[in-house]
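Peer 1: Sequence and computational prediction follow.
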Amino acid sequence: MLNSLTERFDRALKTIRGEARLTETNTAEMLREIRLALLDADVALPVVKQFIQSVREKALGEAVVGSLTPGQALVGVVHRELVALMGGSGADIGLNLATQPPAVVLMAGLQGAGKTTSVGKMARWLVERKKKVLTVSCDVYRPAAIEQLRRVTEQAGGDFFASSPDQKPADIARAALAWAKTHFHEVLLVDTAGRLAIDAELMAEIQELHGVLRPIETLFTVDAMQGQDAVRTAEAFKAALPLTGVVLTKVDGDSRGGAVLSVKAVTGCPIKFVGVSEKIDGIQAFDAERFAQRILGMGDVLSLVEQAQKSVDAKAAQKMAEKLQSGARFTLEDFRSQLGQMRSMGGLGSLLNHLPSAMQNAAKGADLQGADQGILRMQGMIDSMTPAERRDHLLIKASRKRRIAGGSGTSVQEVNRMLGQFEQMQDMMKKMQKGGLGKLMRGMMGRGMGAGLPGLGGMGGMGGGMPGLGGGMPGMPTGLPRAPGLGGKASGSKNRKKR
């Protein structure tokens, strides 16, 4: 997500961070690099000019020039200006539902932008916040549009109001609104028809729907990968409808970021949501502060924590915490549970996307997809063991290893490597049980975090789990080893040497 923009910003700011004082020369050089980065990202030219002018004015101000670390202060200026460009800090995040129920949310946009999928994802987002949600499709033109919305609503856990292609969109809207009122739904999400291009018929129809429903939120859905084309389309819809916000889809596939940085400044409409994956929960309420941190390579650990809290099985996490506190031994069953928690968070690619650029750079070139496959292979090996073997790995001798390898489609060498990595985890858990977490973390930092994430070798700062996640969130992975066949040779523990 926005990888190329982040890399360009990182290079531009790296030279200025260490400067003892700012001069017109080094400031101008940095601003030139930022200007090129924004233009390459397909940010609208007027937006680029305004942004550079704002940064230049504040860079030459007293707050920066008089700072003890002017280079760092200038990075702070760039961060604040990025936040202001995308909507400002403290802006309303998510939907405005402050109205007499049901709060109606009308979705507009072109065909293929992802409206229907976004309605389903927003329904899931609202259901997770204990809202009673009803969805309805007023798209009577696209084949299977109504059925698609029914299915994604079912996945989201919301209610669906049935409609048919022979009905008029305005009639569907009236019936759905009446149903939502009589069945005490708090939110009504309305999907509308899209076209391959903006036309008078499309605008007239959606304007009629707007008059019938009087929505509190009218959201324009647009593909972030379209760059400035997305912004121009948003402007056209803004002229025809009183838009209250924008939903940017496919942001996870957008390496440039032009739409994210341009749409608020050009249309005046805040970004409400961004689509970050194809999964039903792959949507986030847009937070300009956090997004600016990602662009500047600072990472977004808060979003990672929230993602972990959603993904982690709370009961299993509590059970694991109680087990460790009681002094019980960490087993292969526990190890498999930890691997499952990692997978439930979206895999290594999703996790790395939230981390500071220094950690992402350390993982550059690593086969993340192969590493995720490695986790699956480790789970397969553990699944091929008997319950007794999972409780006591010391039972696993040569003949058992051959059986496990055959049952999981792996080799004996991979089984050996997995067992060695498990024992590293087991040693770490023992140290944590003895209250030596701080010493453990310092030791791993000192040796470059050798027991880093699967397939990523010794990523500095990663081995003991994410700071604030590994030790502080029971049940989360606290130092996952390399995946079989992807890292270097795993070092065995003393128990391995005995065997």
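Peer 2: That came through fine. Numbering: from 1, shown residues only.
Peer 1: Only the C-alpha atoms, please, for stretch 105-123, written as PDB.
Peer 2: In PDB, the C-alpha atoms belonging to stretch 105-123 read as follows (Å, rounded to 0.1, in the frame of the first residue of the first chain):
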ATOM      1  CA  VAL A 105     -26.400   5.800   3.900                       C
ATOM      2  CA  LEU A 106     -26.600   6.200   0.100                       C
ATOM      3  CA  MET A 107     -23.800   4.700  -2.000                       C
ATOM      4  CA  ALA A 108     -23.000   6.300  -5.400                       C
ATOM      5  CA  GLY A 109     -20.300   5.600  -7.900                       C
ATOM      6  CA  LEU A 110     -19.400   4.100 -11.300                       C
ATOM      7  CA  GLN A 111     -19.700   0.500 -12.200                       C
ATOM      8  CA  GLY A 112     -16.800  -1.700 -11.100                       C
ATOM      9  CA  ALA A 113     -15.700   0.700  -8.400                       C
ATOM     10  CA  GLY A 114     -16.600  -1.700  -5.700                       C
ATOM     11  CA  LYS A 115     -19.900  -0.300  -4.300                       C
ATOM     12  CA  THR A 116     -21.700  -3.500  -3.600                       C
ATOM     13  CA  THR A 117     -18.700  -5.100  -1.800                       C
ATOM     14  CA  SER A 118     -18.100  -1.900   0.100                       C
ATOM     15  CA  VAL A 119     -21.800  -1.900   1.300                       C
ATOM     16  CA  GLY A 120     -21.200  -5.400   2.700                       C
ATOM     17  CA  LYS A 121     -17.900  -4.400   4.300                       C
ATOM     18  CA  MET A 122     -19.600  -1.300   5.900                       C
ATOM     19  CA  ALA A 123     -22.400  -3.600   7.100                       C
END
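Peer 1: Pull out the buried residues from that stretch.
Peer 2: In terms of neighbour count (16 or more other C-beta atoms under 10 Å), stretch 105-123 has its buried residues at 105-110, 113-123. C-beta here means a position set from N, CA and C on the backbone, and glycine is covered the same way.
Peer 1: do stretch 94-101 as well
Peer 2: Buried residues in stretch 94-101, counted by 16+ other C-beta under 10 Å: 94, 95, 97.
Peer 1: mind giving me TSV with those residues and columns for secondary structure and distance to residue 223?
Peer 2: Shown next, in TSV, are the buried residues of stretch 94-101 (DSSP: H, G, I helix; E, B strand; the rest coil; distance: C-beta to C-beta, whole Å):
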residue	secondary structure	distance to residue 223
94	coil	21
95	coil	21
97	coil	26
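Peer 1: Which of those residues scores worst on pLDDT?
Peer 2: When the buried residues of stretch 94-101 are compared on pLDDT, residue 94 comes out lowest, with 76.
Peer 1: Tell me which stretches of the stretch 1-150 of the chain form helices.
Peer 2: In chain order, the stretch 1-150 of the chain shows helices spanning 3-17, 24-40, 45-59, 62-65, 70-86, 115-128, 145-156, with DSSP state H, counting those that start in this stretch as the criterion.
Peer 1: Dump the fifth one to CSV, keeping only the CA atoms.
Peer 2: Listed in CSV are the C-alpha atoms of helix 70-86, where the atom choice follows Å, rounded to 0.1, in the frame of the first residue of the first chain:
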residue,chain,number,x,y,z
PRO,A,70,15.6,21.3,13.1
GLY,A,71,15.7,18.2,10.8
GLN,A,72,13.3,16.3,13.0
ALA,A,73,11.1,19.4,13.4
LEU,A,74,10.9,19.7,9.6
VAL,A,75,9.8,16.1,9.4
GLY,A,76,7.0,17.0,11.9
VAL,A,77,6.0,19.9,9.6
VAL,A,78,5.7,17.5,6.7
HIS,A,79,3.6,15.1,8.8
ARG,A,80,1.2,17.9,10.0
GLU,A,81,0.8,19.2,6.4
LEU,A,82,0.0,15.7,5.1
VAL,A,83,-2.6,15.3,7.8
ALA,A,84,-4.2,18.6,6.9
LEU,A,85,-4.1,17.7,3.2
MET,A,86,-6.1,14.5,3.8
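Peer 1: between it and helix 24-40, what angle do the directions make?
Peer 2: Regarding helix 70-86 and helix 24-40, their directions subtend 30 degrees when assessed with axes from the mean of the first three to the mean of the last three C-alpha atoms, to 10 degrees.
Peer 1: model confidence over helix 70-86, on average?
Peer 2: Regarding helix 70-86, the rounded mean pLDDT is 77.
Peer 1: ok, now the fourth one?
Peer 2: For helix 62-65, the mean pLDDT works out to 53.
Peer 1: wouldn't residue 193 be in contact with residue 204 here?
Peer 2: No. Because the distance of 11.7 Å does not satisfy C-beta atoms under 8 Å, residue 193 is recorded as not touching residue 204.
Peer 1: what residues go with each domain of the protein?
Peer 2: Following automatic domain parsing, the chain resolves into domains at 3-86, 103-295, 301-498.
Peer 1: And those, which one averages the lowest pLDDT?
Peer 2: Taking each of these in turn, the one with the lowest mean pLDDT is domain 301-498, at a mean of 62.
Peer 1: Just send the helices of the stretch 1-150 of the chain back as a markdown table, with distance to residue 423 too.
Peer 2: What follows is the helices of the stretch 1-150 of the chain, written out as a markdown table (distance: least, C-beta to C-beta, whole Å):
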| stretch | distance to residue 423 |
| --- | --- |
| helix 3-17 | 36 |
| helix 24-40 | 46 |
| helix 45-59 | 52 |
| helix 62-65 | 52 |
| helix 70-86 | 43 |
| helix 115-128 | 38 |
| helix 145-156 | 40 |
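Peer 1: Check the ones you listed for me and report the most buried one.
Peer 2: The highest average neighbour count among those, using mean count of other C-beta atoms under 10 Å, belongs to helix 115-128 at a mean of 24.
Peer 1: tell me what that one is packed against?
Peer 2: With contacts defined as 3 or more C-beta pairs under 8 Å, 6 or more residues apart in numbering; DSSP states H and E, the secondary structure elements packing on helix 115-128 are strand 103-109, strand 133-137, helix 145-156, strand 187-191, strand 245-249, strand 271-275, strand 283-285.
Peer 1: what's in contact with that helix?
Peer 2: When contacts are defined by C-beta atoms under 8 Å, 6 or more residues apart in numbering, helix 115-128 is touched by residues 94-95, 105, 107-109, 133, 135, 137, 139, 145, 148-149, 152-153, 155-158, 186-187, 189, 191-192, 194, 221, 247, 249, 273, 275, 278, 280-283, 285, 310.
Peer 1: swap in stretch 259-269?
Peer 2: Counting contacts by C-beta under 8 Å, 6+ apart, the residues outside stretch 259-269 that touch it are 2, 38, 41-44, 46-47, 50, 82, 85-87, 220, 222, 224-228, 230-231, 234-235, 238, 243-246, 248, 251, 254, 270-271, 274, 291.
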